[in-house]
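Novice: below is the sequence, then the predicted model.
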Amino acid sequence: MALEIDLSNRVALVTGGARGVGRGITERLVAAGATVAICGRTEPDAGTLPDGVRFHQADVTDPESVAALVAAVVTDHGRLDLAVNNAGGAPGADAATASPRFSQKIIALNLTSALHVAQAANHVMQQQPDGGSIVSITSLSGHRPSPGTAAYGAAKAGLISLTQSLAMEWAPKVRLNTVTAGMVRTELFDDYYGGPDGAATVEASVPLQRVADPGDIGNAVAFLASDLAANISGADLVIHGGGERLLLHAHQEG
């Protein structure tokens, strides 16, 4: 029998699952047979979600909103097998002049919100005979200096550490892992790099000669949620096409 990722009869929650990386995750989980609920602050346009995906309005930075969200998913479907912490992001900012409120909001969205979701999901999963899985989406900014987005990078580094700790605390019922994404071709990719020419130059710097698309991140999440990853917990799966080329690489000899 060929190996396959089969998430049929499993219920998944994807935060920020309507667009960008989150949309890629949602689509791959649906393709693997999962029942998927998503959340966000703004409801998507009618008819834009994959068939069967239900949207819940929620603010993941608010613990009470998260508790209500998870309760609603369990009420609808009777269980929760996978929670994906995808909601996040940050505009650029000079760390020397960023306001305390700005920094707090960035950390709340990219770190403490994931803890809120994980705690609520874990409460449900610990009571299920077969437990569950929690996957958080992080960034290369959490592995290396992140000038211009320092608070974001610190939050993502914290999320990796948090996941490793919770993987020990909540075992054996619940597995927790992170997926670290490098550059991903979302709707805003070209604009972020100054247009198509700039985006093409950046993409050519990737060893595999392309950046990830949202479905690549979705594939990693589906794998970590599946039985094929039954002994993987506390891990960080990096999806970056082979790494980032540094300026020094162009001047090395030997």
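Specialist: Yep, that arrived.
Novice: list the pairing partners of the host helix or strand of A37 within its sheet, with orientation.
Specialist: Assessed by DSSP states H and E, A37 sits inside strand 35-40. Take DSSP bridges as the rule and strand 35-40 pairs in its sheet with strand 11-15 (parallel), strand 54-57 (parallel).
Novice: output these as CSV; include the columns distance to L188, mean pLDDT and mean neighbour count.
Specialist: Yep, even glycine has a C-beta here, placed from its N, CA and C like the rest. CSV is the format used below for the strands paired with strand 35-40 (distance: least, C-beta to C-beta, whole Å; pLDDT from 0 to 100; neighbours: other C-beta atoms under 10 Å):
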stretch, distance to L188, mean pLDDT, mean neighbour count
strand 11-15, 18, 98, 27
strand 54-57, 21, 97, 15
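Novice: for S113, find the nearest of the ones you listed.
Specialist: strand 11-15 (7.6 Å; C-beta to C-beta).
Novice: distance from the closest one to the middle of the chain?
Specialist: Centroid separation for strand 11-15 versus its chain: 11 Å, with C-alpha atoms, centre = their mean, to the nearest Å.
Novice: secondary structure class for I134?
Specialist: For I134, the assignment made with DSSP: H, G, I helix; E, B strand; the rest coil gives strand.
Novice: okay if I get the strands paired with strand 35-40 as TSV plus distance to A32?
Specialist: As requested, the strands paired with strand 35-40 are arranged in TSV below (distance: least, C-beta to C-beta, whole Å):
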stretch	distance to A32
strand 11-15	9
strand 54-57	17
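Novice: what's the burial count for T112?
Specialist: Look at T112: counted by other C-beta atoms under 10 Å, it has 18 neighbours.
Novice: any idea how far Y193 is from it?
Specialist: T112 sits 30 Å away from Y193, taking C-beta to C-beta, to the nearest Å as the criterion.
Novice: same check, this time on L80
Specialist: From L80 to Y193 the distance is 37 Å (C-beta to C-beta).
Novice: just T180 next, same as before
Specialist: 20 Å.
Novice: settle it for me: which of the two has more neighbours?
Specialist: T180 (22 against 17).
Novice: for the more buried one, which three-state class applies?
Specialist: strand.
Novice: three-state assignment of the residue lying closest to S146 once chain neighbours are set aside?
Specialist: In this structure, S146 finds its nearest non-sequential neighbour in G153, 2.8 Å apart by C-beta to C-beta, 6 or more residues apart in numbering. Recorded secondary structure, G153: helix (three-state DSSP).
Novice: residue contacts, G153?
Specialist: 139, 141-142, 144-146 (C-beta atoms under 8 Å, 6 or more residues apart in numbering).
Novice: of those, select the buried ones using a ChimeraX command.
Specialist: Typed into ChimeraX, the line below selects the buried ones among the contacts of G153, using 16 or more other C-beta atoms under 10 Å:
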select :139,141,142,146
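Novice: for the nearest residue to G16 once chain neighbours are set aside, the count of nearby residues, please.
Specialist: Leaving aside its sequence neighbours, G16 sits nearest to A87 (C-beta to C-beta, 6+ apart; 3.5 Å). By other C-beta under 10 Å, the residues close to A87 number 25.
Novice: again, but for F189
Specialist: F189 has 17 nearby residues by other C-beta under 10 Å.
Novice: just the one 10 residues further on next, same as before
Specialist: Using other C-beta under 10 Å, the number of residues around A199 comes to 18.
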